[in-house]
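**Q** Predicted model and sequence follow; I will ask about them next.
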Amino acid sequence: QMSDEDWESYMKSLPPEWDQFPNDYEHWHQEGSWDYEVTIMQKDKGSQRIEVNEINGQGIGVESIELSSVEMTVNIVGADIFAVVLDADGNWMESANDGAYVLPIEGHDISQITIYICDYTEYMNEIKGYAVSGEAEGKSFQEVLEERAVFKTSVTQDF
């Protein structure tokens, strides 16, 4: 680890060409045309769509779940909301990308999942920290979700 002063000194020691492209220090390129042929096969075997169709009086809920051999997509309904999915063991199934409900299933028991939908602002400002820390103020992430979610459903399926 470098101190700020060491980092600044190091950056000043670099030659001016360091930030140019291309350069001999970090970029390599080969001119010419490149043609690639990649065969991609979609494996539909084992993929399924589970209709949930549970929506509360506020128009918030879960429409369906799409399941493949590697991921689960939870299709939610509502505005200004954020969904959290816990597996059968109560473990958080963290999204593989920002804001989408595409969840990798590797390492999770998905025989039963619980979907909590929270107010977006409340989740980002207050609840999300429990997910990162695991527990705070004597409450688990799941306990906080139980108390503060505006919608909850469990789906048991022979996935």
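**A** That came in fine, so what should we check first?
**Q** can we go C-alpha only for contacts and neighbour counts from here?
**A** Will do.
**Q** tell me the secondary structure for Q142?
**A** Following DSSP: H, G, I helix; E, B strand; the rest coil, we place Q142 in the helix state.
**Q** Quick check, pLDDT for it.
**A** With respect to pLDDT, Q142 scores 92.
**Q** Can you mark which positions in stretch 93-109 are buried?
**A** 93-95, 101-105, 108 (16 or more other CA atoms under 10 Å).
**Q** With secondary structure and distance to V144 as extra columns, can I get the residues you listed in TSV?
**A** Converted to TSV, these look like this (DSSP: H, G, I helix; E, B strand; the rest coil; distance: CA to CA, whole Å):
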residue	secondary structure	distance to V144
M93	coil	16
E94	coil	17
S95	coil	19
Y101	coil	20
V102	strand	23
L103	strand	21
P104	strand	23
I105	coil	23
H108	coil	21
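**Q** So what would you say the end-to-end distance of stretch 83-91 is?
**A** 14 Å (CA to CA, to the nearest Å).
**Q** follow-up on the earlier one: mind putting the buried residues of stretch 93-109 in a markdown table, distance to D35 included?
**A** Formatted as a markdown table, the buried residues of stretch 93-109 follow (distance: CA to CA, whole Å):
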| residue | distance to D35 |
| --- | --- |
| M93 | 38 |
| E94 | 37 |
| S95 | 34 |
| Y101 | 34 |
| V102 | 32 |
| L103 | 33 |
| P104 | 32 |
| I105 | 34 |
| H108 | 39 |
